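Trainee: Kindly generate the corresponding structure for this input.
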Amino acid sequence: MNDAGTALLKNEAATAAKDAGWAAVGKPHAHESAVLHVLGQANYTDDIAELQGTLHAALGLSSKAHAKLLSLDLTAVRAAPGVVAVYTAADIAGTNDCGPIIHDDPILADGLVQYVGQPIFVVVAASHDQARRAARLAVAGYQELPAIFTPQQAKAAEAYVLPPMRLQRGDYPARFAQAPHVLKGQLFVGGQEQFYLEGQIAYAMPKEDAGMHVLCSTQHPSEMQHVVAHALGVHAHKIQVECRRMGGGFGGKESQSALWAAAASIAASKLKRPVKLRADRDDDMLVTGKRHCFYYEYEVGYDAAGQILAARVDMTLRAGYSADLSGPVATRAVCHFDNAYYLSDVDIRAACGKTNTQSNTAFRGFGGPQGAIAIEYIIDEIARNLGRDALDIRRLNFYGQPAGGRNVTPYGQEIVDNVIVELTAELERSSAYRARRAAIDAYNAASPVLKKGLALTPLKFGIAFNVTHLNQAGALVHVYVDGSVLVNHGGTEMGQGINTKVMQVVAHELGLDMAHLRATATDTGKVANTSATAASTGADLNGKAAQDAARQIRERLAAFAVKLYGGEVAAVRFAANAVHVNGHAVPFAELVQKAYLARVQLWSDGFYATPGLHWDPKTMNGHPFSYYAYGAAVAEVVVDTLTGEWKLLRADALYDAGQSLNPAIDLGQVEGAFIQGMGWLTTEQLWWNPAGKLMTHAPSTYKIPGVSDCPEDFRVRLFKNRNVEDSIHRSKAVGEPPLLLPFSVFFAIRDAISSVGGHRVNPPLNAPATSEEILRAITAVEAAVAAGI
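Mentor: Just a heads-up that it's a prediction; the model follows:
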């Protein structure tokens, strides 16, 4: 680090020490809407009072996976009770497209349907129920076409929504040929439904001069603004999109809320009346995309100690019928195949398979978990092949081992913040990993039916959008004459606490307690050209932007205070709801009132762009991430080898949140991500019937984890660390990375299955590890042992 950097750190440390007693950051503040949530007073889109004349819409869906739409008889739909209008693709005045990158995603199908559940028409009626009932009355004529449903089928047919991508480093073929040990295999990891509690919804209200105000449950208001403007054939300044909060998003409302916003707006524009489109849970799951499932083919060369010498992986995603965000998802998967390990010679390939299923999209982790689980699966196999504990093989392959070297990723970014060795060692000690491993071996030796498993898995996760220009944010801070403060920024609140953290940042800058602040709805009419609240960048980007705005106000007030009371501007402190200047402690509100009378500007905009990022998608090389977050988890499970049932007995998780802005919120995010990721890898199975219809489209058939699935012994801690990058108050992101922690659960289950064969056979366990999948793997292990393999 240079002298300037050292001086900056010392100055930050000195300021933090001086103001520690009142600092708003680094403390476990309650979520800003917690009381409203508990009282049922937090308004979501469907809670907002409807305007007079509001109509309700529903979508008519395709019943075929791939077919030409030869005819569409809507007579019965139009004649149904309460129906006001029906619209098809022919009625769209502007562009019939809602694709976020590639324009291959029609709002309404036009002559060709490409999955069961694809919207064909919009029906508008006096009530929600009438619209839904009417939508079922359409009579469509189809000419069916050949369909592809799985990534394996897409790979065989070379059917892709985008050109395949490839990242190479070193000389993989030569190193693999020279390796003393090799392994080859396949793996399938299923997708996952976002299952946000609040479904997709948009409420479009026509305004004067062809304007449209859209209330929408979305992670990306600016994208909704663009899609609606294009669909209506108007400029973006005619469209205002607003979102106060979502009842969960998890990536499912980043791009795919566009369909709902556009359909509602098209109807509202035609009828000149407000239109609400709220998806029923079944329709929501049938229409929208999920986490991408992945099919892997891999081969690895390694030495007798377990050091990986060469690795090749070929990943095929189930992209669905259109590109959506599959390209960036595949890119992040490629960039996270290494996880926490140095891989000298690699050949990493990814292809976005075109299938006649829902167009898969963002989901917490955005391809990172799918990329990282492949290398963890490989290391697990190497350890079993060598008769070693998998933790020892993981440690041997860590970045920075031996100390000081092996610190450049396959895509060329140097790792300067590596704490994985120290973090893993701390967790190994605190979880009593070695002692529990010995105890489990003894238990399994005496237990023929119930088998226990144990696993410790690490994570390294890059923070930033791979697309460099998205790493920017804006904010507004208004100080009113009574000393209260209003904050608005480009991030969206989906329960993760971004508003709380941004408020803390502003409160810290102005020396106020949280009661003085209020955050308002994300609104394209206030902060323009915002990026999606995604990629775990919400607090990083918007916190910095809000800090910039608040700092400008603070500097103006400090200069004004010196004019009134004397002293030096640099010595003015804002703390404990007062401004401390030249021996005076002036109440913040008092100084603000005086500043207003003196015509000092009391509001400001702020902006932030993450520095130092660059990425070349052609060479797949660059510096795509601002920094890395680290973590590790230990899971202990017990498996019934007769039924395939299992239970998580204990989980220990240690996560690197840097210098946490809010430890309470961050711990909650880690816990939630752990359970959500566990569901993805164990119980949440997406299943399509032979005709291509998703049959797991409701909680009756799709099994997310419940309270009873959580471990009785759940120990989650934050690792003591400080971000080496100049992130907001040296904190680290906490949205997506912890979702990799429950890899430990999957590999603990695999460890338990492995014990059936004395740990001599690698169980062919795919994800999700449902009871049926576990039994299949157990049967395979028993058969291999019987055959003497």
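
Trainee: Show the average pLDDT along the host helix or strand of Leu486.
Mentor: According to DSSP states H and E, Leu486 maps onto strand 485-489. For strand 485-489, mean pLDDT rounds to 98.

Trainee: If we go by neighbour counts, what in that strand is buried?
Mentor: Across strand 485-489, burial judged by 16 or more other Cβ atoms under 10 Å covers Val485, Val487, Asn488, His489. In this view, the C-beta of every residue, glycine as well, is placed from N, C-alpha and C.

Trainee: so what does that strand touch, helix or strand wise?
Mentor: On a contact count with 3 or more Cβ pairs under 8 Å, 6 or more residues apart in numbering; DSSP states H and E, strand 485-489 meets strand 472-479, helix 498-510, strand 517-519, strand 522-523, helix 538-565.

Trainee: Figure out which of those is closest to Leu59.
Mentor: For Leu59, the closest of the helices and strands packed on strand 485-489 is strand 522-523, at 25.4 Å, according to Cβ to Cβ.

Trainee: Give me the sheet partners of that closest one and which way each runs.
Mentor: Using DSSP bridges, the strands paired with strand 522-523 are strand 239-243 (antiparallel).

Trainee: Give me the distance between Thr468 and Gly371.
Mentor: 20 Å (Cβ to Cβ, to the nearest Å).

Trainee: Show me how far the host helix or strand of Asp347 is from its chain's centre.
Mentor: Using DSSP H and E, Asp347 falls within strand 346-354. Centroid separation for strand 346-354 versus its chain: 21 Å, with Cα atoms, centre = their mean, to the nearest Å.

Trainee: ok, residues contacting that strand?
Mentor: 148, 151, 153-155, 159-162, 164-170, 172, 310-321, 323, 326-327, 330-331, 333-334, 337-338, 410 (Cβ atoms under 8 Å, 6 or more residues apart in numbering).

Trainee: repeat that for 6 Å
Mentor: Contact partners of strand 346-354, identified using Cβ atoms under 6 Å, 6 or more residues apart in numbering, comprise 151, 154, 159-162, 164-169, 172, 311-319, 326, 330, 333-334, 337, 410.

Trainee: In ChimeraX, how would I select the buried members of these?
Mentor: In ChimeraX, this line selects whichever of the contacts of strand 346-354 come out buried by 16+ other Cβ under 10 Å:
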select :151,154,159,160,161,162,164,165,167,169,172,311,312,313,314,315,316,317,318,319,326,330,333,334,337,410
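
Trainee: follow-up on the earlier one: list the buried residues of the strand holding Asp347.
Mentor: In strand 346-354, the ones that count as buried by 16+ other Cβ under 10 Å are Val346, Asp347, Ile348, Arg349, Ala350, Ala351, Cys352, Gly353, Lys354.

Trainee: Kindly report the same for stretch 585-603.
Mentor: Val586, Phe588, Ala589, Leu591, Val592, Gln593, Lys594, Ala595, Val600, Leu602.

Trainee: Also stretch 72-88?
Mentor: For stretch 72-88, the neighbour count (16+ other Cβ under 10 Å) marks Leu72, Leu74, Val77, Ala80, Gly82, Val83, Val84, Ala85, Val86, Tyr87, Thr88 as buried.

Trainee: now do the same end-to-end measure for that stretch.
Mentor: Stretch 72-88 has an end-to-end distance of 10 Å (Cα to Cα, to the nearest Å).

Trainee: and if you look at stretch 637-646?
Mentor: Termini of stretch 637-646 sit 7 Å apart (Cα to Cα).

Trainee: which residues are in contact with that stretch?
Mentor: The contact list for stretch 637-646, computed with Cβ under 6 Å, 6+ apart, reads 449-453, 647-649, 748-749, 752, 771, 774-775, 778.

Trainee: Does Ala455 touch Val745 like I think?
Mentor: No - using Cβ atoms under 6 Å as the test, Ala455 is too far from Val745 to be in contact (7.7 Å).

Trainee: From Leu654, how far off is Asn407?
Mentor: Note on Asn407: its distance to Leu654, by Cβ to Cβ, is 21 Å.

Trainee: For the two, indicate the residue with more neighbours.
Mentor: For Asn407 versus Leu654, the count of surrounding residues by other Cβ atoms under 10 Å is larger for Leu654: 25 against 14.

Trainee: Quickly list what that one is bridged to.
Mentor: Bridge pairing for Leu654 - DSSP bridges - gives Ala632, Arg717.

Trainee: start the count at 45, not 1, going forward
Mentor: Understood, numbering begins at 45; the last thing we discussed is Leu698.

Trainee: who touches it in this structure?
Mentor: Here Leu698 is in contact with Leu467, Leu471, Ala676, Arg761, Phe763 (Cβ under 6 Å, 6+ apart).

Trainee: can you check Ala677 too?
Mentor: Ala697, Leu785, Ser788.

Trainee: what's the burial count for the second one?
Mentor: What that stands for is Leu785. Neighbour count of Leu785, defined by other Cβ under 10 Å: 29.

Trainee: and it, what does it touch?
Mentor: By Cβ under 6 Å, 6+ apart, the contact list for Leu785 reads Gly675, Ala677, Ala697, Phe718.

Trainee: Drop anything exposed from the residues you listed.
Mentor: Gly675, Ala677, Ala697, Phe718.

Trainee: Any chance of the residues you listed in TSV with pLDDT and distance to Thr98 as columns?
Mentor: Formatted as TSV, the buried ones among the contacts of Leu785 follow (pLDDT from 0 to 100; distance: Cβ to Cβ, whole Å):
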residue	pLDDT	distance to Thr98
Gly675	98	46
Ala677	99	47
Ala697	98	46
Phe718	98	41
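
Trainee: Of the residues you listed, which is the nearest to Phe239?
Mentor: Closest to Phe239, out of all of these and judged by Cβ to Cβ, is Phe718, at 16.0 Å.

Trainee: where in the stretch 95-244 of the chain is pLDDT low?
Mentor: Regions of the stretch 95-244 of the chain meeting the criterion pLDDT under 70 are absent.

Trainee: for it, what spans make up the strands?
Mentor: 99-105, 111-117, 127-131, 156-157, 163-169, 183-188, 209-213, 225-233 (DSSP state E, counting those that start in this stretch).

Trainee: same deal with the stretch 245-394 of the chain?
Mentor: Assigned by DSSP E, counting those that start in this stretch, the strands in the stretch 245-394 of the chain fall at 245-251, 255-260, 283-287, 319-322, 338-346, 352-364, 390-398.

Trainee: Run through who's touching the first one.
Mentor: Strand 245-251 is touched from outside by 89-90, 256-261, 304-305, 308-309, 312, 316, 318-322, with contacts defined as Cβ under 6 Å, 6+ apart.
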